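**Student:** could you work out the structure for the sequence below:
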Amino acid sequence: MQGKARKIVQAICYEIIAVACVAPALSLMFDAGMSHSTALAALMSGIAMSWNMGYNWAFERWEARQQRRSRTFLRRVLHALGFEGGLVLILLPLVAFWLDISLWAALLTNLALFVFFFLYAFVFQWGFDKVFDVPVSAQEAKC
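**Tutor:** Residues are numbered from 1 along each chain as shown. Model (predicted):
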């Protein structure tokens, strides 16, 4: 699977699993009702999905211009760090507002989520590539 279809399937699968993990965790961590935490998780998911599409588009453009186009361990780590680091900053004000906590507490919350999502993004993308193959941008040029 390649192109837009790959990006859409990847983003939807990633976010469905993410909401299923984050909503109960937020509910427990902040003693919030499940509906309140699920709404936040879904909102965060929508923002993350938009970020995912833009970030992956940019990353794959960069990747396609590299002399070595395979997805090495280091390249996967950089991909996950860039995606999750950017998302931490984007979601900071939303988390603070929604949970009625300070920016500092929201940053700590986002950093905790970052640890989970850093590992999750790495494992998910690796598994996704195993099931659907890597995108053309990561395939070695054929002579």
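**Student:** from now on I want contacts and neighbour counts done on CA atoms only, so please keep to that.
**Tutor:** Will do.
**Student:** what about the helix or strand hosting residue 81, average pLDDT?
**Tutor:** Following DSSP states H and E, one finds residue 81 within helix 73-99. For helix 73-99, the mean pLDDT works out to 89.
**Student:** quick one, the next helix or strand after it and helix 73-99 angle?
**Tutor:** Proceeding N to C from helix 73-99, the next assigned helix or strand is helix 103-132, under DSSP H and E. Angle between the axes of helix 103-132 and helix 73-99 is 140 degrees (criterion: axes from the mean of the first three to the mean of the last three CA atoms, to 10 degrees).
**Student:** which neighbouring elements make contact with helix 103-132?
**Tutor:** With contacts taken as 3 or more CA pairs under 8 Å, 6 or more residues apart in numbering; DSSP states H and E, helix 103-132 sits against helix 73-99.
**Student:** starting at the chain centroid, how far to the helix it packs on?
**Tutor:** 7 Å (CA atoms, centre = their mean, to the nearest Å).
**Student:** ditto for stretch 51-70
**Tutor:** 15 Å.
**Student:** got the buried residues for it?
**Tutor:** 51, 52, 53, 55, 56, 59, 60, 63, 64, 69, 70 (16 or more other CA atoms under 10 Å).
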